[in-house]
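[1] Have a look at this fold, sequence not included:
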């Protein structure tokens, strides 16, 4: 199972290197990693997606807390969250396929950010599932390049689990 960890750290040189080293020494992979300033000056939020079971994540959390610059570690996998990712995707597209690609982009609320004679570049923002879906749909045109950020997430203060609500809608 993949777990999403939200880690607050002091914003100092070498913190990310120490965290990555911790994972490397223990032979664990980080599938997605996003780092940026948090709400407080001098604090950064690291959001990472890590494969592993509950026991492995518990051990990693304990190890992270041993690092001097780590302030808080939260496994937010099962917590109601707002999750987003950004992807730029360059697709083959000539004058005969351009209209269809643009229509598909509108369905996914993607934006066209560059048009060339034989390609289009789209900007897609959304949950990771949306990224997979649009890549599958655009695959028939030929994807030239993809650049994706890691997943970022914040817990929902409302406590509303939108994934649960979506599953209820699907049953109706």
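    In hand now; what should we look at? Remember, it's a predicted structure, so these values are computed and weren't measured experimentally.

[2] Which residue ranges make up each domain of this protein?
    2-75, 81-153 (automatic domain parsing).

[3] For the first one, measure first residue to last.
    Spelled out, that is domain 2-75. 11 Å (C-alpha to C-alpha, to the nearest Å).

[4] Who are the contact partners of residue 56?
    residue 28 (C-beta atoms under 8 Å, 6 or more residues apart in numbering). Where you see a C-beta, it was placed from the backbone N, CA and C, and this is true even at glycine.

[5] rewinding a little: want to throw the domains of the chain into TSV with mean pLDDT and distance to residue 160?
    Below are the domains of the chain laid out as TSV (pLDDT from 0 to 100; distance: least, C-beta to C-beta, whole Å):
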stretch	mean pLDDT	distance to residue 160
domain 2-75	93	17
domain 81-153	95	10
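
[6] how deep is residue 2 tucked in, by neighbour count?
    A count of nearby residues for residue 2, using other C-beta atoms under 10 Å, gives 12.

[7] and what of residue 15?
    For residue 15, using other C-beta under 10 Å, the count is 19.
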